[in-house]
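# build me a model from this:
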Amino acid sequence: MYFITGKIKKLEIMKKKLAIISAKDQQEPLVLKAKEMGIETHCFAWDKKEEDTYCKDIADYFHPISILDKEKILEKCKELRIDGVTTILNDYAIPTIAYVAQNMGLIGNHYNDMLIALNKYKARQAYQNNRVNSPRFALVKGEQMPDLSGFKYPLIVKPTDRNSSLGVKKIEKKEDLANAIKRAQEISYSNEAIIEEYVSGVEVCVLSISWEGKHYHLEIQDKITTGSPFYVEVGHRHPAELSAEMQQKVKDETSKALTALNFRYGATDNELMITETGEVFIIEVNPRMGGDFTHELVQLSTGYDFLKGTIDVALNQFEEPKFPIRKYAGIYYLSKDTEWVKQVIKNKDSDPDIVATEIIYKEMGDTQSSFDRYGHFIYQSDRNRKWGP
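Numbering: from 1, shown residues only. The predicted structure follows:
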C-alpha cells in the first residue's frame, strides 16, 4: 500500500511542459501565466539579438533555436516530451507551432492551413471559395500587374505577409498605385502585394478562441484608427457599440471565415468592416491572440482569462468560456495624431477609471504603423465613456 501511495504522489507533482515559440517581451505575460498555473515553461528563440531573448531569464528553460527552424524545435520538443505548444502575438511562430503539434499528436491546427491563414492573398481565396463576405482582391507578384479593369477606387494596397499596418496604404487614383505597390513589395518578405477594393464603414475586431472547430467570440472591439492613408490603430474600446442583431451578424461572419481557414484551435484576432448599409466584410483573420493589450482588455471587460484559455487549449484542458463581469474597458495610444492622450496620462491620479499608463519620452514621428506609438492609457469603467481632445 505504501508503494502505491508513493507512486501516486510522484505523479501528482509532475508538471506539464509548455513550449512557447518566441521569447520576445510580448511573451512575458504568457510565460508568467503558465508559471502561475504550475506549468514548466520552455521558450524557443534565436539568441543573436537581445530583443529576441527577453524571456530567457523568466522562463524555466530557454532553448536558443530560431522560431523559424521548425525541424530543430520539433526534435527538441520530442526529446523534452512537451505537452503543448503555443505563442501570443507572433505571426511567424504560427507555422512552427502547427508543425510541432501536428508531428507530435498535440492539440493544434494543421501546418498547411496556417500557411494559408498567414498569407493575405491565399486567405482571400479561401474566403471566396467558402462564400465569406470579403473585398474584391488581386495579387501583384513581381512586376506583373493584374487586370484591375473591374475594380473601383479607392483601393487598399498591402504586403501579403506582414502585420501591424506595415506597408498598408489607401490609393485614391490610378497614378498613385505603382508607388504604393512598390512600397508594399519592399516590405513584404515574398516581394508580393495584394490590392483590395476599399470598404468604408465602422471597423471592429472580434476576439475569439476556438476548440475543436467551435468558435467562442469573447468580445467585439471598437477600433479607432488614424484613417486615410495608413489606418494605424490608435485606440480600442470594449464592447463595440452595436445592436444585438449586428453583434450576431459580425460573430456569424467571423465563424464562417475561421471555418473557411480550417482554424480549429486557439486564439484569433479578427478584423471586420460594417458598411453603412449593414453589410459585414472580413478584412483580416490573425491566427493568434492580438497585441495591443488584448488579453488585459478582455479580462477588464468580461472577467475571462484569455491567457489561461490559450494555454488550456494547447494543453488539451480547455473549458467553455464564462464571463463573470460586464464592464467598459479600452486603451488609447499616444501618437502624433493623438497628442491629447499625454494630458490624460498626466492627470491619471485624478481619474479612478485609469488602471495603467505608459509614456515614452522621445520625439514623435509621423504615424505610419503601430510602431509609431509613444505611450498609452488603459481604463475600466461602469459607464461607456467618450475620450478625445
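
# show me what contacts the residue nearest to Ser200 when sequence neighbours are not counted?
Once flanking residues are discounted, Ser200 sits nearest to Thr275: 6.7 Å by C-beta to C-beta, 6 or more residues apart in numbering. C-beta coordinates here come from the backbone N, C-alpha and C atoms, glycine included. Counting by C-beta atoms under 8 Å, 6 or more residues apart in numbering, Thr275 touches 199-201, 281.

# next one: Ser22
Taking C-beta under 8 Å, 6+ apart as the test, what Ser22 contacts is 43-45, 52, 67, 87, 90, 92-93.

# farthest-apart pair in the residues you listed, please.
Put simply, by C-beta to C-beta the two of those set farthest apart are Cys43 and Tyr92, 14.8 Å from each other.

# low pLDDT regions in this protein?
Applying pLDDT under 70 to the chain flags residues 1-13.

# elements contacting the lengthiest strand in the chain?
The residue-count maximum for a strand in the chain (DSSP state E) belongs to strand 214-225. Contacts defined by 3 or more C-beta pairs under 8 Å, 6 or more residues apart in numbering; DSSP states H and E place strand 214-225 against strand 202-211, strand 233-238, helix 244-260, helix 294-302.

# domain parsing of this structure, as residue ranges.
Annotated domains of the chain cover 2-106, 136-197, 202-381 [automatic domain parsing].

# put together CSV for the contacts of Ser22, with distance to Leu207 and secondary structure on each row.
Shown next, in CSV, are those (distance: C-beta to C-beta, whole Å; DSSP: H, G, I helix; E, B strand; the rest coil):
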residue, distance to Leu207, secondary structure
Cys43, 24, strand
Phe44, 26, strand
Ala45, 26, coil
Asp52, 26, helix
Ile67, 24, coil
Thr87, 16, coil
Asn90, 17, coil
Tyr92, 21, helix
Ala93, 19, helix
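
# return the member of those residues nearest to Ser210.
Using C-beta to C-beta, these come closest to Ser210 at Thr87, 15.5 Å.

# thought the closest one was touching Val100?
No. Counting by C-beta atoms under 8 Å, Thr87 sits too far from Val100 to count as a contact (11.0 Å).

# which one of those two has more residues nearby?
Thr87 (29 against 26; other C-beta atoms under 10 Å).

# wait, what's in contact with the residue most central in space within the chain?
The C-alpha lying nearest the average C-alpha coordinate of the chain belongs to Gly290 (C-alpha atoms, centre = their mean; 2.4 Å). By C-beta under 8 Å, 6+ apart, the contact list for Gly290 reads 89, 205, 207, 267, 269.

# all helices for the stretch 251-389 of the chain, in order.
Taking DSSP state H, counting those that start in this stretch to define them, one finds helices in the stretch 251-389 of the chain at 294-302, 306-314, 341-346.

# got the buried residues for the last one?
Spelled out, that is helix 341-346. Using 16 or more other C-beta atoms under 10 Å as the test for burial, helix 341-346 gives 341, 344-345.

# dump the residue contacts of Glu172.
Counting by C-beta under 8 Å, 6+ apart, Glu172 makes contact with 153-154.

# can you start the count at 240 instead of 1 from here on
Sure, I'll start counting at 240 from here, so that last one is Glu411.

# for the stretch 490-628 of the chain, just list every one of the strands.
In the stretch 490-628 of the chain, the strands defined using DSSP state E, counting those that start in this stretch lie at 505-513, 519-525, 567-572, 593-598, 614-620.

# the fourth one pairs with which strands?
Paired strands of strand 593-598, with direction, are strand 614-620 (antiparallel) (DSSP bridges).

# and the strand it pairs with with strand 567-572, angle?
Using axes from the mean of the first three to the mean of the last three C-alpha atoms, to 10 degrees, the inter-axis angle of strand 614-620 relative to strand 567-572 is 170 degrees.

# just to revisit the earlier point, which PyMOL command selects the buried ones in the contacts of Thr514?
Buried subset of the contacts of Thr514, written as a PyMOL selection, criterion 16+ other C-beta under 10 Å:
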select buried, resi 438+520
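
# among the contacts of Thr514, which pair sits farthest apart?
So, the contacts of Thr514 by C-beta to C-beta: farthest apart are Ser439 and Phe520, at 10.1 Å.

# so what sits against both of these two?
Common contacts of Ser439 and Phe520, defined by C-beta under 8 Å, 6+ apart, comprise 512, 514.

# ok, the residue nearest to Thr507 when sequence neighbours are not counted - contacts?
Distances taken as C-beta to C-beta, 6+ apart place Ser447 nearest to Thr507, at 4.8 Å, with adjacent residues excluded. Shown in contact with Ser447 (C-beta under 8 Å, 6+ apart): 454-457, 493, 497, 506-507, 509.

# by neighbours, which of these wins?
Asn509 (28 neighbours).

# what is it paired to in the beta sheet?
Per DSSP bridges, the residues bridged to Asn509 are Val445, Val524.

# and what of the one 4 residues further on?
Each beta-bridge partner of Ile513 is listed here, defined by DSSP bridges: Val441, Val519.

# so it touches Val438, yeah?
No. In this structure Ile513 lies outside contact range of Val438 using C-beta under 8 Å: 9.3 Å.

# give me the neighbour count for Leu500.
22.

# overlap in contacts, Thr326 and Val339.
Taking C-beta under 8 Å, 6+ apart as the criterion, Thr326 and Val339 both touch Ile260.

# quick one: the helix or strand harbouring Ala273 to helix 545-553, angle?
Secondary structure from DSSP states H and E places Ala273 in helix 267-275. If you take the same axes, to 10 degrees, helix 267-275 sits at 70 degrees to helix 545-553.

# report all helices and strands that helix 267-275 contacts.
strand 256-260, strand 279-283, helix 545-553.

# touching the second one from outside, list them.
It stands for strand 279-283. Strand 279-283 is contacted from outside by 254-262, 266, 270, 273-274, 294-295, 297-302, 304, 306, 312, 315-316, 319, 321, using C-beta under 8 Å, 6+ apart.
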